[in-house]
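Chemist: sequence plus the predicted model coming up.
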Amino acid sequence: MWNFQSLLDAGGVTLEGGGARSGDGRPSLTNCPGPFLILSTNVGNMAEKRRPLLGFVGKLPSGTTAGNSGKTHCPLCMGLFKAPRLLPCLHTVCTTCLEQLEPFSVVDIRGGESDTSSEGSVFQELKPRALQPQIGILCPVCDAQVDLPMGGVKALTIDHLAMNDVMLESLRGEGQGLVCDLCSDREVEKRCQTCKANLCRFCCQAHRRQKKTTYHTMVDLKDLKGYSQIGKPILCPAHPAEELRLFCELCDRPVCRDCVVGEHREHPCDFTSNVIHKHGDSVRELLRGTQPHVEALEEALAQIKGTNSAVQERVKAVAADIRTFSEGYIKAIEEHRDKLLKQLEDIRVQKENSLQLQKAQLEQLLADMRTGVEFTEHLLTSGSDLEILITKGVVVERLTKLNKVEYSAHPGVNEKISFSPKEKAGLCRGYEVYGAINTKEVDPAKCVLQGEDLHRAREKQPASFIVLCKDATGESMGRGGDNVQVTVIPNDKKDSPVKTMVHDNKDGTYYVSYTPKEPGTYTVLVCVKEQHVQGSPFTVTVRKRHRSHPGVFHCCTFCSSGGQKTARCACGGTMPGGYLGCGHGHKGHPGRPHWSCCGKFAEKSECTWAGGQSAPRSLLRTVAL
């Protein structure tokens with residue numbers, strides 16, 4: 001990376017008096033004004049409504065193909081581009097046409113302003129600002145909102161690629177439409193290959209008479225028809241006599257020799273040919289990330305088309321079933337049939353509208369993606385180093401924005417429509433009729449939970465409950481297929497959910513089972529269509545696993561052990577004569593049957609003996625009565 005002094009030392013730029021010469025000794029373009037147009041932006045006259053562009057290709061001039069129309073012709077005026085400006089959405093429009101668009105005002109609440117920019121705005125500093133209105137327009141091609149820079153339309157990026165394409169197009173048509181770059185009054189006859197300027201006959205003669213340009217190479221326009229690229233020097237907007245040949249890495253913009261001497265004196269600068277590889281690679285990387293989206297969107301649109309066809313086919317099939325079923329019921333059935341067909345049409349319209357809306361959104365996104373990809377590919381393959389660097393900012397911003405757009409690659413609705421001829425449909429003209437369209441939608445707010453152990457469970461033992469799905473009217477769905485999701489989370493380990501199983505009973509009920517691993521409090525979330533059902537979420541108290549009794553259920557130790565003195569009982573009773581267990585009528589005997597391991601009186605109960613599952617041998621040395 002070079003600074004100003006190193007550029008001088010390397011011979012890239014030399015200073016001679018008040019002018020400038022390149023390192024090879026050629027004179028600068030001080031006396032050869034470039035192609036820049038100074039345009040005035042009159043926001044007050046932007047009252048013309050935008051014209052529809054659906055017939056754009058059909059309105060192109062004769063001899064112009066659709067393949068190159070986007071490169072040379074304005075989508076508004078349909079003519080060759082005149083001072084084309086590149087919008088942030090990567091569409092190009094004439095400056096005059098943009099000025100005629102109806103502007104709108106929005107409140108800008110950002111902390112600072114950073115223009116998507118060009119020669120007209122590339123030298124503006126980032127300035128914080130308070131709430132203030134921001135003037136904007138809508139892109140005439142894609143309706144994208146375009147916030148105009150502080151300088152208005154003329155501060156937007158100049159599309160140099162489009163200008164070059166227009167020049168080539170004009171050369172192929174005998175130069176019609178090209179005017180002299182110096183006087184801007186007469187038609188072009190020759191081109192100075194040294195200055196890269198188009199000249200009329202008068203300016204060509206004057207060009208040869210000047211001492212500095214006497215030996216410049218002049219070529220007739222008709223001799224340039226075979227050229228595939230014809231570029232003009234891009235001059236500095238701050239120093240119109242200087243060509244942009246350098247790039248300031250600190251400010252991330254092209255600069256001229258005078259800029260390096262002045263405002264960018266201490267900044268790291270280098271020639272555009274030396275930095276194009278790094279910046280070009282970053283644009284290519286963004287392009288590689290954008291291209292897959294085009295294929296994904298095309299595939300999504302193909303799926304939508306297929307789904308739409310499937311919906312149409314299903315509608316036709318169901319309509320045929322409905323008509324066949326209604327033939328035997330004369331007026332009552334005919335009336336019922338008409339009602340069913342109307343209901344079916346409403347379903348078709350609803351589904352079709354949903355698909356058409358998704359289709360329109362994806363088509364617009366695909367068009368934006370294609371525009372970004374095609375423009376960037378064209379920029380990278382046809383643009384010069386300087387043109388790529390000038391356009392890089394708006395291209396990077398657009399591709400980055402497009403890459404962040406979220407979209408669904410699957411149709412938003414399905415083709416599931418069915419007819420049930422045996423289902424009762426109520427009375428029609430006093431007759432009971434049958435036949436209904438299955439369009440029930442489950443209503444999560446009406447779904448209920450059922451089960452005796454809904455709020456309690458045991459560790460390491462299966463727990464279960466039932467989810468009953470209902471529609472908006474509170475009726476059972478009577479069928480399966482709904483998306484029921486159940487999550488069981490320990491309150492003390494929220495990152496370790498319990499595995500759950502949901503079984504579809506095909507009748508509108510779902511059997512949910514899970515096995516908690518540890519005792520504690522758990523939170524259960526039950527969702528249908530990603531919405532909570534009634535009573536969800538709820539808590540479940542998980543107790544320790546049920547423990548069986550290791551002892552015997554007896555009347556006393558003496559009886560159950562056959563009179564053994566060493567046999568003990570958890571009731572704490574003893575007998576005289578060295579007996580360690582309980583006996584009828586003796587001290588500590590509870591007076592009724594009980595468990596020898598824990599002393600509980602209920603035969604069907606959980607053991608609460610604190611010693612665990614294995615009891616002392618003296619407690620187990622008993623026999624059943």
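Modeler: Sure, I can see it. Numbering: from 1, shown residues only.
Chemist: what's Val146 sitting at in phi/psi?
Modeler: Torsion angles at Val146 (phi, psi; degrees, to the nearest 10) stand at phi -120, psi 110.
Chemist: and if you look at Gly412?
Modeler: Dihedral pair for Gly412: phi -80, psi -20, per degrees, to the nearest 10.
Chemist: not counting sequence-adjacent ones, nearest residue to Cys203?
Modeler: Using C-beta to C-beta, 6 or more residues apart in numbering and skipping the chain neighbours, the partner closest in space to Cys203 is Leu182 (4.4 Å). C-beta coordinates here come from the backbone N, C-alpha and C atoms, glycine included.
Chemist: does that neighbour touch Leu199 like I think?
Modeler: Yes: the pair Leu182 / Leu199 is scored as a contact, 6.3 Å apart, by C-beta atoms under 8 Å.
Chemist: look at these two and report which has more neighbours.
Modeler: Remark: of Leu182 and Leu199, Leu199 carries more neighbours, 26 against 21, as counted by other C-beta atoms under 10 Å.
Chemist: returning to what we had before: separation between the residue nearest to Cys203 and Glu189?
Modeler: Using C-beta to C-beta, to the nearest Å, we find Leu182 at a distance of 12 Å from Glu189.
Chemist: any common contacting residues for those two?
Modeler: Overlap between the contact sets of Leu182 and Glu189, as judged by C-beta atoms under 8 Å, 6 or more residues apart in numbering, is given by Leu199, Cys200.
Chemist: Cys180 against Ala206, yeah?
Modeler: No: counting by C-beta under 8 Å, Ala206 is not a contact partner of Cys180; they are 10.7 Å apart.
Chemist: neighbour count for those two, which is higher?
Modeler: When neighbours are counted by other C-beta under 10 Å, Cys180 and Ala206 differ, and Cys180 comes out ahead with 20 against 15.
Chemist: which residues touch that one?
Modeler: For Cys180, the contacting residues are Arg186, Glu187, Val188, Asn198, Leu199, Cys200, Cys203, taking C-beta under 8 Å, 6+ apart as the criterion.
Chemist: restrict the residues you listed to the buried ones and give me that as a ChimeraX selection.
Modeler: Restricted to the buried members of the contacts of Cys180, where burial is judged by 16 or more other C-beta atoms under 10 Å, the ChimeraX selection command reads as follows:
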select :188,198,199,200,203
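Chemist: determine which two of the contacts of Cys180 are furthest apart.
Modeler: For the contacts of Cys180, with distances taken as C-beta to C-beta, the pair at the greatest spread is Glu187 and Cys203 (11.3 Å).
Chemist: tell me the secondary structure for Ala436?
Modeler: For Ala436, the reduced secondary structure class is strand; criterion used: DSSP: H, G, I helix; E, B strand; the rest coil.
Chemist: so which strand or helix has the closest residue to it other than its chain neighbours?
Modeler: Setting aside the residues directly before and after it, Ala436 is nearest to Glu423 in space (C-beta to C-beta, 6+ apart), at 4.4 Å. The secondary structure element spanning Glu423 is strand 418-428 (assigned by DSSP states H and E).
Chemist: what comes into contact with that strand?
Modeler: Surrounding strand 418-428, the residues in contact under the criterion C-beta under 8 Å, 6+ apart are 318, 321-322, 325, 332-333, 335-336, 339, 432-438.
Chemist: so which of the residues you listed is the most crowded?
Modeler: Greatest neighbour count in the contacts of strand 418-428, by other C-beta under 10 Å, goes to His336: 24 neighbours.
Chemist: list the contacts for that one?
Modeler: Ser326, Tyr329, Ala425, Cys428, Val433, Gly435.
Chemist: repeat the analysis, applying 6 Å as the threshold.
Modeler: Contacts of His336 were listed using C-beta atoms under 6 Å, 6 or more residues apart in numbering, and they are Cys428, Val433.
Chemist: element containing the most centrally placed residue in the chain, please.
Modeler: Within the chain, one residue has its C-alpha closest to the average C-alpha position: by C-alpha atoms, centre = their mean, that is Glu406, at 1.1 Å. Per DSSP H and E, Glu406 falls between elements, in no helix or strand.
Chemist: now the strands for the stretch 101-250 of the chain?
Modeler: 104-108, 132-138, 145-147, 157-158, 190-192, 197-199, 218-220, 246-248 (DSSP state E, counting those that start in this stretch).
Chemist: to Gly578, which of the ones you listed lies closest?
Modeler: Comparing those by their distance to Gly578 (C-beta to C-beta), the top pick is strand 104-108, with 98.8 Å.
Chemist: what count of nearby residues applies to the closest residue to His239 other than its chain neighbours?
Modeler: Distances taken as C-beta to C-beta, 6+ apart place Asp258 nearest to His239, at 4.3 Å, with adjacent residues excluded. Look at Asp258: counted by other C-beta under 10 Å, it has 16 neighbours.
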